[in-house]
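Engineer: 3D, please:
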Amino acid sequence: MLLYRRLMVVLFLLISANALANKIVTLTSPDSKIKFFLSTDKDGLYYRVTYKGIVMVDKSRLNISFKEGGAFNNNLLMAAANPQRITEDYNLLIGKTNKVHSENNRLLVPVTEQSGPRRTMDIEIRVFNDGAAFRYVIPKQDQWAPVINITDETDSFNLTQNPLLTALLRVNYTTSHEGLYTKTSLNDLKADTLIDMPMLAEFPNNLYMAITEANLHDYAGMYLMKHHGILESRLSPLPHQSELKVKATLPHNSPWRVMMISDKPGAFIESNILTNLSEPCKIKDLSWIKPGKTTFPWWNGDVVPDTINAPGNNYVTNMYYVDFCAKYGIEYHSVVEYGLHEWYVNDGAGFQPGPHADPSKAVPGLDMQEICDSAAKKGVGIRVWVHFYALYPKLDETFDQYEKWGIKGLMCDFMDRDDQEMVNMQEEILQKAAEHHLHIQFHGAYKPTGESRTWPNEFTREGTLNYENDKWSSWVTPDADINIAFTRLLAGSTDYHLGGFRAASPEQFKVHYTRPFVMGTRCHMMAMYVVLENALGMVCDDPDAYIGQPGFEFLQQVPTTWDETHVIDAKPGEWLALARRKGNDWYVGAINNHTPRTLSKAFEFLADGNYTAEIWSDAPATDTNLNHLVKVVKNINKQTVMDMVLAAGGGQVMYLKPSKQ
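Structural biologist: Sure, this is the predicted structure:
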């Protein structure tokens, strides 16, 4: 009888496993083009994704493992789940649009182990018209202690058709997330090498996918890696060990694993899928948050006129830049350093904090209260640069002092991590900064994941190789800018040290630590203010580089936040032309790689009626001075076909405003 019972149990388990293997949950996008399929087999959970009937992600694993009980893959049973239509309207203070309408279909699938620890987890799936996302939702339960330790999350992305990848390869998890992108087929991608996100995949027949994450909160940052021929996720480990990735108290959620999907490469730049998946704004009073442009004198080498008396970390040097801001409508001046020494007390070397570093105290001879008061009288806000490891140990007292002085915000630099501990410290900085009415600009930081919705006092993030490198290398080219637009920009605000007004060709370019060159035409540099989403655009060259120079008037008037974004034309690796609206006015920016070309497009996104278009274009090809440009004024409407003539490494910008009737 005992043997019979055992045989019946085995038979039941085999039948159950077979039944589970045949049960497939399907969720479709509102427009029915994207389908997400979830199922189980003897090895656990797996999924597939199709777009317009084409399989883009074939059988791929959802793999998550815990120190308590091991991998969640033991004889899993999916319970019934009913799809929901989620419709949401919300506002963004910081982003590519100010009013967002979001629609998606949602499914919350309870999954329970039928043997072993018998743990339960929910798999939440959301499918939008421009992508699909999933995450782990772990409820509080008797089968688990209140505290869990995640050792791995190796979700797989089994991309079909050997797509062409644009990927940022990393050596390890300690990274500033800055580097040149690699273009390679999936088959030729180097195995077992970390890939930063977002990563772009170009499939045959003009299909595209970008992979990244959303709502990174109290969790480790995610990377990709090709392992055994298939892309898998990897989590950044907690410091000083390699086993544990996340320590959490139940209930707890993972971030969203996001696949943007479209047959239009520009759709990802228009998409709000990451903010759609993020938590609502946590700041009640937004009236003090004032995006704008800022100086950043470190980039130009702290250049001042010969007439200034005793330049340095002092009042007169900073007021030279404040006066420039006041006269030309630049909202902020950044106090950074002079002579390679920070503006605040520090006994470390090379900007690294020493044992007595104190960012709440200015160096002798620098009266921050006087500077803030004088700047405020001229309508200019003061912001500062601070090393993260100098700031964080003295966070409360430093922010108290900044609020007393009247400082408006700060750049927090050199974090170079995205483990759970660092993710939580950055959120703590945003929360406490909001309490003191301070905006934040993160440098040496991981990609955005939609936090501009949750904490709109975060104006921008770096996490990209950018024009600061022109001070010591020739790495940043117009081609590199194009790659950034189709990868890092997809995640959100992209800080880039904009504003270099000394344009040079590759042959003309020379490394200058003071008054650096930038590669490409001046119009290319101007267009980057429109191309990049960035609520705190830098005007980082010295005042004499701008005053009286063609094109500076566009830098003065271009906004840093937008009401609408529309991609006009785009091809990854080659060109991008997009338009952004502020009020009734539109701003157009186009950037090009190393091949000259002409784009002919009608601006169908415009409202009815006529517009006056101020257009700045690259100088004729016979002109070897890449700072030269041509400005014309035209009357246009939505039917007008515009020829955008782009030089090698060039660009074009337009300011379109409704014509007066």
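
Engineer: extract the C-alpha set from stretch 610-627 and format it as PDB.
Structural biologist: What follows is stretch 610-627, C-alpha atoms only, in PDB (Å, rounded to 0.1, in the frame of the first residue of the first chain):
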ATOM      1  CA  ASN A 610       2.100  79.800 -40.000                       C
ATOM      2  CA  TYR A 611       5.400  79.800 -38.100                       C
ATOM      3  CA  THR A 612       8.400  82.000 -38.200                       C
ATOM      4  CA  ALA A 613      11.500  79.800 -38.300                       C
ATOM      5  CA  GLU A 614      14.900  81.000 -37.200                       C
ATOM      6  CA  ILE A 615      17.400  78.400 -38.600                       C
ATOM      7  CA  TRP A 616      21.100  78.000 -37.800                       C
ATOM      8  CA  SER A 617      22.900  75.700 -40.300                       C
ATOM      9  CA  ASP A 618      26.400  74.500 -40.900                       C
ATOM     10  CA  ALA A 619      28.500  76.700 -43.100                       C
ATOM     11  CA  PRO A 620      29.100  75.500 -46.700                       C
ATOM     12  CA  ALA A 621      31.400  72.600 -47.100                       C
ATOM     13  CA  THR A 622      34.100  74.800 -48.600                       C
ATOM     14  CA  ASP A 623      34.400  76.600 -45.200                       C
ATOM     15  CA  THR A 624      37.000  74.800 -43.100                       C
ATOM     16  CA  ASN A 625      36.100  76.800 -39.900                       C
ATOM     17  CA  LEU A 626      33.600  74.600 -38.100                       C
ATOM     18  CA  ASN A 627      32.500  77.500 -35.900                       C
END
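
Engineer: chain center to it, what's the gap?
Structural biologist: 30 Å (CA atoms, centre = their mean, to the nearest Å).

Engineer: list the buried residues of that stretch.
Structural biologist: By neighbour count with 16 or more other CB atoms under 10 Å, stretch 610-627 contains the buried residues 611, 613-619, 626-627. All C-beta spots, glycine's among them, are computed from the backbone N, C-alpha and C.

Engineer: counting contacts, what elements does the longest strand seen in the chain pack onto?
Structural biologist: Scanning the chain for the longest strand, with DSSP state E as the assignment, gives strand 99-113. Helices and strands touching strand 99-113, by 3 or more CB pairs under 8 Å, 6 or more residues apart in numbering; DSSP states H and E, are strand 24-28, strand 34-41, strand 76-78, strand 84-91, strand 120-128, helix 273-276.

Engineer: direction included, what does the next helix or strand after the longest one pair up with?
Structural biologist: In this case it means strand 120-128. Per DSSP states H and E, the first helix or strand lying C-terminal to strand 120-128 is strand 131-138. Partners of strand 131-138 in the sheet, by DSSP bridges, are strand 120-128 (antiparallel), strand 252-253 (antiparallel), strand 256-262 (antiparallel).

Engineer: if residue 210 is in a bridge, with which residues?
Structural biologist: According to DSSP bridges, beta-bridge pairing links residue 210 with residue 200, residue 260.

Engineer: that one reaches residue 267, doesn't it?
Structural biologist: No: Residue 210 is beyond contact range of residue 267, at 9.7 Å (criterion: CB atoms under 8 Å).

Engineer: of those two, which one has the most company?
Structural biologist: residue 210 (26 against 18; other CB atoms under 10 Å).

Engineer: what about stretch 322-341, how long is it end to end?
Structural biologist: End-to-end distance of stretch 322-341 (CA to CA, to the nearest Å): 20 Å.

Engineer: where exactly do the helices run in this structure?
Structural biologist: Here the chain has its helices, by DSSP state H, at 2-22, 267-270, 273-276, 297-300, 315-328, 368-377, 388-391, 395-405, 420-435, 451-454, 478-485, 522-531, 543-546, 552-557.

Engineer: for the third one, enumerate the helices and strands it packs against.
Structural biologist: Looking back up the chat, that one is helix 273-276. Using 3+ CB pairs under 8 Å, 6+ apart, helix 273-276 is in contact with strand 99-113, strand 207-214, strand 256-262.

Engineer: same thing but 10 Å
Structural biologist: Secondary-structure packing of helix 273-276 (3 or more CB pairs under 10 Å, 6 or more residues apart in numbering; DSSP states H and E): strand 84-91, strand 99-113, strand 120-128, strand 131-138, strand 207-214, strand 256-262, helix 451-454.

Engineer: could I get the ones you listed as JSON lines with distance to residue 391 and mean pLDDT?
Structural biologist: Listed next are the helices and strands packed on helix 273-276 as JSON lines, based on distance: least, CB to CB, whole Å; pLDDT from 0 to 100:
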{"stretch": "strand 84-91", "distance to residue 391": "30", "mean pLDDT": "98"}
{"stretch": "strand 99-113", "distance to residue 391": "32", "mean pLDDT": "98"}
{"stretch": "strand 120-128", "distance to residue 391": "35", "mean pLDDT": "98"}
{"stretch": "strand 131-138", "distance to residue 391": "31", "mean pLDDT": "98"}
{"stretch": "strand 207-214", "distance to residue 391": "26", "mean pLDDT": "98"}
{"stretch": "strand 256-262", "distance to residue 391": "29", "mean pLDDT": "98"}
{"stretch": "helix 451-454", "distance to residue 391": "18", "mean pLDDT": "96"}
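
Engineer: residue 551 is nearest to which of the ones you listed?
Structural biologist: The closest of those to residue 551 is helix 451-454. By CB to CB, the value is 28.3 Å.

Engineer: any idea how far the closest one is from the chain center?
Structural biologist: Taking mean C-alpha positions (CA atoms, centre = their mean), helix 451-454 and its chain are 11 Å apart.

Engineer: for stretch 519-535, same thing?
Structural biologist: 17 Å.

Engineer: swap in stretch 115-128?
Structural biologist: On CA atoms, centre = their mean, the centre of stretch 115-128 falls 29 Å from that of its chain.

Engineer: any idea how many residues pack against residue 170?
Structural biologist: Quick note: residue 170 (other CB under 10 Å) scores 18 neighbours.

Engineer: equivalent analysis for residue 647, please.
Structural biologist: Using other CB under 10 Å: residue 647 sits among 26 other residues.

Engineer: any idea which of the helices of the chain scores lowest on pLDDT?
Structural biologist: Among the helices of the chain, helix 2-22 has the lowest mean pLDDT, at a mean of 39.

Engineer: give the contact list for residue 98.
Structural biologist: Taking CB atoms under 10 Å, 6 or more residues apart in numbering, we find residue 98 in contact with 91-92, 561-564, 581-582.

Engineer: hmm, 6 Å instead?
Structural biologist: Residue 98 sits next to 91-92, 563 when contact means CB atoms under 6 Å, 6 or more residues apart in numbering.

Engineer: want to try CSV for the helices and strands packed on strand 99-113, with mean neighbour count and distance to residue 429 as columns?
Structural biologist: Formatted as CSV, those follow (neighbours: other CB atoms under 10 Å; distance: least, CB to CB, whole Å):
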stretch, mean neighbour count, distance to residue 429
strand 24-28, 17, 36
strand 34-41, 20, 35
strand 76-78, 19, 39
strand 84-91, 12, 24
strand 120-128, 22, 28
helix 273-276, 27, 20
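
Engineer: reformat the ones you listed as CSV; add distance to residue 504.
Structural biologist: Shown next, in CSV, are those (distance: least, CB to CB, whole Å):
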stretch, distance to residue 504
strand 24-28, 51
strand 34-41, 44
strand 76-78, 59
strand 84-91, 42
strand 120-128, 42
helix 273-276, 35
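
Engineer: wait, which of these is closest to residue 528?
Structural biologist: helix 273-276 (21.3 Å).
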